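1. sequence and predicted structure are below.
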Amino acid sequence: MTVISRRRVLQVGAGMVPALALGARPATAQAAAIPVTGVVPAQLAGFDTAMKTYITERNISCAQLAVAKNGKILLARGYGSYVRNGVTVAVQPTSLFRIASLSKSLTAAALTRLAQDENVDLNDKVAPMLGLSTTADPRLADVTLVRLLQHIGGWDRTTTYDPLFHDATIAASLGTSLPIDREDIMKYVTGRKLDFAPGTKYVYSNYGYLLAARVLEEISGMTYQAYVHKRLLDPVGITRPRLGKSLRSQADATEVPYESQYTSKSVVDDSGATVPSPYGGFSMPNQGANGGWLASAVDMLKWGFVFDGAGPVLNAASISKVFAQPEIGVQPGGWWYGLGWQVRNNNAGTLNTWHNGSMPGTFSFFARIQNGVSYCAIFNRREETATPDFDTIDPILGQATGAVTTWPTTDLTPNYF
């Protein structure tokens with residue numbers, strides 16, 4: 001699940017006015033006292049100060065920030081700490097976080113790589129690839145891979161609901177027990193009518209990315225995670241990212257804990273137990289391709305370097321496809337959704353590309369903007385009732401970028417392989 005910023009501009013120097021944080025408080029000694037790890041060059045101190053203020057205002061216990069320019073990581077920071085097995089652990093620049101919908105850039109690139117290597121076209125129809133019946137709605141025959149990846153496939157979670165977060169409803173409809181899996185979700189959704197004609201409008205769809213991953217597995221003969229590692233991450237030496245698990249007891253050894261004021265009925269079993277929303281309130285294995293990855297901010301920046309030019313992962317033609325405008329054109333705000341990224345033209349004659357991610361216990365934001373600058377921030381909670389607006393991390397980091405007068409040159413990238 002994600003909440004995408006509609007006000008993303010970040011045309012530094014173009015007179016962009018940052019949105020104000022709701023209920024924001026001034027920086028205090030509390031911000032200065034936040035435990036920190038990693039490296040912040042003096043020239044980029046503004047980023048560090050902004051992050052500490054943001055974290056303090058929102059009572060965030062674990063966070064990361066990484067900043068890069070022209071393919072070099074220049075700032076890598078962990079903020080906060082947590083207790084595990086009675087031991088206080090400081091968040092490191094390499095600690096793992098759930099990144100939520102930042103996962104979509106991996107999935108879209110995987111399908112693009114599949115089309116680059118195999119006899120597959122992104123305009124191919126999905127139903128025959130997966131053996132999906134079109135009886136409930138013949139328009140399902142018009143759903144293509146590219147329409148899945150650009151969120152124009154025909155599913156509208158505001159009209160019905162997001163099937164990735166309604167496990168109990170699906171289980172009851174199918175007469176099966178919890179937990180459900182991806183095949184159950186596909187069976188349920190395929191038996192219902194689409195919400196709109198494919199290719200006619202943009203509506204964000206986690207389910208579309210679930211289907212895309214299943215196509216990847218059918219064509220490649222590999223699991224989704226194995227394909228992403230072998231074809232996308234291994235060739236550029238990115239080793240840490242992996243798919244996350246639902247329960248606290250299943251957390252990776254270097255994974256931070258997730259916080260939420262909310263509880264949910266468990267979807268990982270039929271116990272009917274009430275659980276913390278981040279730990280059993282939704283299924284991480286089912287999120288997979290749309291929001292299931294664990295990574296660090298430095299991992300995401302290194303992943304972003306893949307799109308700077310042709311390389312061992314994607315060729316130039318494939319990268320162009322990733323950022324191309326969809327058939328429905330540009331949204332009213334001047335942006336469009338490519339393949340796993342939001343995109344807009346900037347005032348430097350290039351493209352700003354970005355995405356955020358949001359699910360119970362997680363908020364993430366990753367942007368690649370003009371002049372070779374990129375940054376990623378990840379947090380172990382998201383905006384909830386009575387908390388300030390989390391989307392303000394967007395203009396906050398943009399403002400910090402515009403305030404830099406001299407960029408450092410020491411490349412920290414080799415420290416984080």
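-> Received, thanks.

2. distance of the residue most central in space within the chain from residue 231?
-> The geometric centre of the chain, computed from its C-alpha atoms, lies nearest to residue 102 (Cα atoms, centre = their mean), at 1.4 Å. Separation of residue 102 from residue 231 (Cβ to Cβ, to the nearest Å) stands at 18 Å. The way it works is simple: take the backbone N, C-alpha and C, and place the C-beta from them, glycine included.

3. now residue 270
-> If you go by Cβ to Cβ, the gap between residue 270 and residue 231 works out to 37 Å.

4. out of those two, which sits in the more crowded spot?
-> residue 231 (21 against 13; other Cβ atoms under 10 Å).

5. next one, pLDDT for the more buried one please.
-> For residue 231, the model assigns a pLDDT of 98.

6. ok, residue 183 next?
-> So residue 183 comes in at 98 (pLDDT).

7. burial measure for it, as a count.
-> As a measure of burial, residue 183 has 9 neighbours, counting by other Cβ under 10 Å.

8. how much space separates it from residue 217?
-> On the measure of Cβ to Cβ, residue 183 and residue 217 end up 12 Å apart.

9. what number of residues lie near the closest residue to residue 390 other than its chain neighbours?
-> Among residues not flanking residue 390 along the chain, residue 383 sits closest, at 4.0 Å (Cβ to Cβ, 6 or more residues apart in numbering). Neighbours of residue 383 under the rule other Cβ under 10 Å: 17.

10. then residue 89?
-> Number of residues near residue 89 (other Cβ under 10 Å) recorded here: 17.

11. was I right about it contacting residue 62?
-> No. Counting by Cβ atoms under 8 Å, residue 89 stays clear of residue 62, with 9.4 Å between them.

12. need the overlap of contacts for those two.
-> Residues touching both residue 89 and residue 62 (Cβ atoms under 8 Å, 6 or more residues apart in numbering) are 81-82.

13. so how far is residue 166 from residue 160?
-> As judged by Cβ to Cβ, residue 160 and residue 166 stand 9 Å apart.

14. err, residue 319, not the other one
-> Relative to residue 166, and taking Cβ to Cβ, residue 319 is found at 35 Å.

15. so where's the stretch 101-250 of the chain shaky on pLDDT?
-> Across the stretch 101-250 of the chain, nothing is flagged by pLDDT under 70.

16. let's go with 90 and repeat that
-> 119 (pLDDT under 90).

17. all helices of it, in order?
-> 103-117, 126-130, 145-149, 167-174, 182-190, 206-220, 224-227 (DSSP state H, counting those that start in this stretch).

18. cool, the stretch 301-417 of the chain as well?
-> Using DSSP H, counting those that start in this stretch, the helices of the stretch 301-417 of the chain run over residues 316-323, 393-402.

19. so which of the ones you listed is the most packed in?
-> helix 393-402 (a mean of 21; mean count of other Cβ atoms under 10 Å).

20. how far does that one sit from its chain's centre?
-> With Cα atoms, centre = their mean, to the nearest Å as the basis, helix 393-402 stands 19 Å off its chain's centre.

21. who does it touch, helix- and strand-wise?
-> helix 45-58, strand 362-368, strand 373-379 (3 or more Cβ pairs under 8 Å, 6 or more residues apart in numbering; DSSP states H and E).
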